[in-house]
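Q: here are the coordinates; sequence isn't available:
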C-alpha cells in the first residue's frame, strides 16, 4: 500500500470527481500536490515533532480501526483559485457506510446524487447517476487491498481514503517532519483536540473529539505548491458506530435503463493481491469543479 503522505492531499482534492474511474467517454484531471497548514500565526508551529499530536491521531485511528462498522457524513469543500488573489469554494457531501472487513458503500451528492460506489467483498461497482451508466470489476476481499487495487489498477480515486483504511491517518502522521498540538476547540458542537502535521509534500490539520470516543470531526489540507495555496476542508458528522449494516446495503442493483460499461484502465478482472502489477496510467475522468459536477 502506498503510504506516502501526499496521498492524503491527492485523495482529498479528487473529491471533486469522487471515485472517478476510467470510464468511457471522459477526460483526465491533474493530480493534486502538496500542502501547508495555516491554522495559527507564524511562529507557533515550530520545526519539531510534538509527541502529543501523534498520540491524539493514533487514538482516533485505533478507535475507528476497531469499529466493526460505521456510518458518517463528510462535507468536503475545496478551493478553486482564479486570477491573482481570488478563490471560489465548492462543496460536496459524502455518505459513507462501512462494515469490516470487506463491505463499503459511498454516495456523493451536491444538490442531487452524483456518483455511488459499492463493494460487496467480491466486486466493486461505480454508478454515475447523471449519465446512468455503471462499471463493475472483481476486487480483493479486504477493504485495504481493494482500495489499493481500484486506485492502481482501475484508476478509481477515493476521496479521503484514510477514513476507510484499517489505520486511518496514523501512517502519514508518523512520517511527518514536524507536528504540533494546538489545544482544544469546539467543532460541530464537540470539544476537539487540534493537531497539525507537516511534510515535504503535504501539511494537514485534524480535530479529534475529546472524551471516550475520539472521532475525527474536521480535516484541513492546504496545497503548498499550488498557486494561491488552495485548501480542502472536510467536516465529519453523523457518526454511527452501533447500527448494524446488513449485506443488502452493499449490494448493487442497476437502476432502470442504466448502461453497463467498462473501466478503461481494466485489462482483466482477475486482481491478484500478491502480484505487483504495473498497468498503464489510467485515464481518470475530468470534472469541472466550476460547473459543480
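A: Now that the structure is in, tell me what you want to look at. Here the structure is a predicted model, which means the values were calculated and not measured.
Q: Could you say whether residue 65 sits in a helix, a strand or coil?
A: helix (DSSP: H, G, I helix; E, B strand; the rest coil).
Q: pLDDT weak spots in the stretch 51-200 of the chain?
A: 159 (pLDDT under 70).
Q: 90 - rerun?
A: 83-85, 151-163, 165-172, 175, 199-200 (pLDDT under 90).
Q: all strands of it, in order?
A: Assigned by DSSP state E, counting those that start in this stretch, the stretch 51-200 of the chain shows strands spanning 69-82, 86-99, 103-109, 113-119, 123-128, 133-138, 178-187, 190-198.
Q: If you count neighbours, what's buried in the first one?
A: Within strand 69-82, the residues that qualify as buried by neighbour count (16 or more other CB atoms under 10 Å) are 69, 70, 71, 72, 74, 76, 78, 79. Every C-beta, even on glycine, is put in place using the N, C-alpha and C of the backbone.
Q: Also the last one?
A: Along strand 190-198, the positions that meet the burial threshold by neighbour count (16+ other CB under 10 Å) are 190, 192, 193, 194, 195, 196, 197, 198.
Q: Of these, which is the nearest to residue 227?
A: Nearest to residue 227 among these: residue 198, at 20.1 Å, using CB to CB.
Q: Relative to residue 244, which of the strands of the stretch 51-200 of the chain is closest?
A: strand 69-82 (6.9 Å).
Q: Kindly calculate the angle that the closest one makes with strand 103-109.
A: Between strand 69-82 and strand 103-109, the angle formed by their directions is 40 degrees, by axes from the mean of the first three to the mean of the last three CA atoms, to 10 degrees.
Q: Please name the bridge partners of residue 98.
A: Beta-bridge partners recorded for residue 98 (DSSP bridges): residue 70, residue 104.
Q: That one reaches residue 118, doesn't it?
A: No. Look at residue 98 against residue 118 with CB atoms under 8 Å: they stay out of range, at 12.0 Å.
Q: Need the contact partners of stretch 100-111.
A: 15, 18-19, 67-69, 91-98, 113-121, 141-143, 146, 158-159, 164, 166, 245, 247, 249-250, 292 (CB atoms under 8 Å, 6 or more residues apart in numbering).
Q: Stretch 164-178 now?
A: 1, 3, 5, 7-8, 45-49, 53-54, 57-58, 60-62, 64-65, 96, 98, 100, 104, 143-144, 147, 158, 162, 179, 197-200, 202, 204, 206, 216.
Q: gap between the two ends of that stretch?
A: Start and end residues of stretch 164-178 are separated by 25 Å (CA to CA, to the nearest Å).
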